[in-house]
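*Asks:* Fold the following, please.
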Amino acid sequence: MPERAIGVFDSGVGGLTVFKELMHRLPGEELIYLGDTARVPYGTKSPATVLRYALEAAAFLVEKKVKMLVVACNTASSVALAALEERFNLPVIGVIEPGARKAVAITRSRRVGVIGTEGTVKSGAYTRAIQNLDAAVEIHSTPCPLFVPLAEEGWAEHPVALLTAQEYLGPLAGAGIDTLVLGCTHYPLLKNTLHQVLGPAVELVDSAEETALNVARVLADRGLTRRDPPGPPRFFVSDIPTRFERVGGAFLGTPLQGVEQVTLD
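*Replies:* Down below sits the predicted model:
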């Protein structure tokens, strides 16, 4: 079991920010990534549809004999985590809980901002996770859907991104938050722009970093840490791989080749 790969999935390329952190934190682990690019984005879909997509993506990775599932998508984590844990007999790691724990640990003012897709914000998953840890924390949430196409276009630090961030984040800055949870796996690419708008005093919680740390803890706790040298990472998508290879390569900072197209439904 420890020699098996870790399976990671997202609706598209955003989960590669989590994948990159896993490569950095766990260089001895073998990794498989699935991007459900034929059905991206999940953030605007109904919870029932996202649940079905997540179960199909997870089933594909389980067929690849993975030892752990990492749901590198905030929307899928917010609606499907419990169902995935019930359906599959292996550890399932989402991105909501790690980010919530970090936010509660570092906030000084007890005022925390959360940004994400419409689906993630509407689900209230971060609000529940944070208030389960500390009911005294005041939470201010807002969806920022345009951040996703800006990141994928390579415009994370473009003047258009700055204007968009000023529009989205104005109310959060006015609320006096000192911590902002980046509740979408695309958003870490916009860190510099977000700091420009909110100032350096506001701490940004990167769910990719926290999720990778959580994966390392669970592997160690369950005796699942790999001992043999890993094989190369493998990448699968549910639509033609051309755009995924181009945009994903920019996310990972290394060219992506050999991406395989698969059918999930």
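*Asks:* how about the helices in this protein?
*Replies:* 16-25, 47-63, 74-87, 96-106, 118-123, 125-133, 147-152, 159-174, 191-198, 207-221, 242-252 (DSSP state H).
*Asks:* CSV for these, including mean pLDDT, mean neighbour count and distance to residue 234?
*Replies:* For every residue, glycine as well, the C-beta is placed using N, CA and C. CSV is the format used below for these (pLDDT from 0 to 100; neighbours: other C-beta atoms under 10 Å; distance: least, C-beta to C-beta, whole Å):
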stretch, mean pLDDT, mean neighbour count, distance to residue 234
helix 16-25, 94, 22, 11
helix 47-63, 95, 18, 11
helix 74-87, 92, 22, 20
helix 96-106, 93, 21, 24
helix 118-123, 85, 22, 27
helix 125-133, 94, 19, 29
helix 147-152, 89, 21, 22
helix 159-174, 95, 16, 32
helix 191-198, 95, 18, 28
helix 207-221, 92, 20, 17
helix 242-252, 87, 18, 13
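*Asks:* Distance to residue 263 added to these, as TSV?
*Replies:* Output for these, formatted as TSV (distance: least, C-beta to C-beta, whole Å):
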stretch	distance to residue 263
helix 16-25	21
helix 47-63	9
helix 74-87	19
helix 96-106	29
helix 118-123	24
helix 125-133	29
helix 147-152	23
helix 159-174	35
helix 191-198	36
helix 207-221	27
helix 242-252	15
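*Asks:* out of the ones you listed, nearest to residue 140?
*Replies:* helix 159-174 (5.4 Å; C-beta to C-beta).
*Asks:* now the angle from that closest one to helix 191-198?
*Replies:* Orientation of helix 159-174 against helix 191-198 (axes from the mean of the first three to the mean of the last three C-alpha atoms, to 10 degrees) gives an angle of 50 degrees.
*Asks:* Quick check: the gap between residue 177 and residue 63.
*Replies:* 43 Å (C-beta to C-beta, to the nearest Å).
*Asks:* follow-up on the earlier one: who wins for proximity to residue 185 among the helices of the chain?
*Replies:* helix 16-25 (5.0 Å).
*Asks:* And the nearest residue to residue 106 once chain neighbours are set aside, how far from residue 197?
*Replies:* Counting by C-beta to C-beta, 6 or more residues apart in numbering, residue 203 is the residue found nearest to residue 106 once chain neighbours are left out, at 5.4 Å. Distance of residue 203 to residue 197, computed by C-beta to C-beta: 14 Å.
*Asks:* Residue 169 too?
*Replies:* Residue 169 is 5 Å from residue 197, by C-beta to C-beta.
*Asks:* For the residue lying closest to residue 235 once chain neighbours are set aside, list the residues it contacts.
*Replies:* Closest residue in space to residue 235, ignoring its immediate chain neighbours: residue 259 at 4.5 Å, by C-beta to C-beta, 6+ apart. Counting by C-beta atoms under 8 Å, 6 or more residues apart in numbering, residue 259 makes contact with 235-237, 241, 244-245, 248.
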